[in-house]
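Student: sequence-free structure coming up:
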């Protein structure tokens, strides 16, 4: 049995770019529903720089490799690979030399999408059981979610999560079997929450704490 600990927050960024306050002399763009790459040669203090703004439009971590032909008296191809988290972008800069460089044609791009073994989501659905009228409540909490099998084999999932309101929470588990490749299965985590949270219903939350895959 393979154990995978779910992570709640994705990294905010992968690469830090350099910004040049200059007007592009030449520019080229390659864009699809999965990515966009915009290149330009900019001039600053008598030097030429190739800049590239790369955006990952997918919901998954993606490796994007791009190349751009640049010319002066002769031509050469500059190539770079960047790795970006879902829907992230970065700016990359390379010094070419003295002024006079220009881009030729649009950038060439290839991508590799790194899909996780599964995709999971969950949200809380609350039903108030009782209240003492003074702010103390008891509730049955059903956290409804889905999990998608992104692999090429049939999988089973043992799912544990927490549901709560504010600081009050409880845990629930469910076991799903025989989820076929590319299919999505629904699950529910049932728990009970009690405490002085009647006056603050906006604090409802649910999260996955652990997933075991077999």
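Tutor: On my side now, so go ahead. Remember, predicted model here, so these are calculated numbers, not experimental data.
Student: where in the chain is pLDDT low?
Tutor: Under the criterion pLDDT under 70, the flagged ranges of the chain are 1-27, 126-141, 194-203.
Student: in which helix or strand would I find the spatially most central residue of it?
Tutor: Geometric centre of the chain, nearest residue: residue 86, 3.1 Å, by C-alpha atoms, centre = their mean. Following DSSP states H and E, one finds residue 86 outside all helices and strands.
Student: ok, it to residue 109 distance?
Tutor: Noted for residue 86: a distance of 18 Å to residue 109, by C-beta to C-beta, to the nearest Å. All C-beta atoms are positioned from the backbone trio N, CA, C, and that covers glycine.
Student: cool, and residue 68?
Tutor: Between residue 68 and residue 109 the distance is 10 Å, computed by C-beta to C-beta.
Student: looking at these two now, which is surrounded by more residues?
Tutor: residue 68 (27 against 18; other C-beta atoms under 10 Å).
Student: dihedrals phi and psi, the more buried one?
Tutor: Per-residue torsions, residue 68: phi -140, psi 130 (degrees, to the nearest 10).
Student: now do the one 10 residues further on
Tutor: When quoted as degrees, to the nearest 10, the phi and psi of residue 78 stand at phi -100, psi 130.
Student: and it, bridged to which residues?
Tutor: residue 68 (DSSP bridges).
Student: could you measure from it over to residue 67?
Tutor: Look at residue 78 and residue 67: by C-beta to C-beta, they are 7 Å apart.
Student: residue contacts, residue 104?
Tutor: Remark: with contacts taken as C-beta atoms under 8 Å, 6 or more residues apart in numbering, residue 104 is in contact with 69, 70, 71, 75.
Student: what of residue 38?
Tutor: Contacts here follow C-beta under 8 Å, 6+ apart; on that basis residue 38 touches 27, 28, 29, 31, 52, 53.
Student: could those residues go into CSV alongside distance to residue 173 and neighbour count?
Tutor: Below are these laid out as CSV (distance: C-beta to C-beta, whole Å; neighbours: other C-beta atoms under 10 Å):
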residue, distance to residue 173, neighbour count
27, 54, 13
28, 52, 18
29, 49, 12
31, 44, 13
52, 46, 23
53, 44, 15
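Student: these in strands, which ones?
Tutor: Counting by DSSP state E, the part of the contacts of residue 38 found in strands is 27, 28, 29, 31, 52, 53.
Student: right, and the last one touches residue 37 too?
Tutor: Yes: proximity of residue 53 to residue 37 meets the contact threshold set by C-beta atoms under 8 Å, at 7.4 Å.
Student: state the distance from the residue nearest to residue 149 when sequence neighbours are not counted to residue 107.
Tutor: For residue 149, ignoring the flanking residues on the chain, the nearest one in space by C-beta to C-beta, 6 or more residues apart in numbering is residue 179 at 4.6 Å. For residue 179, the distance to residue 107 under the criterion C-beta to C-beta works out to 39 Å.
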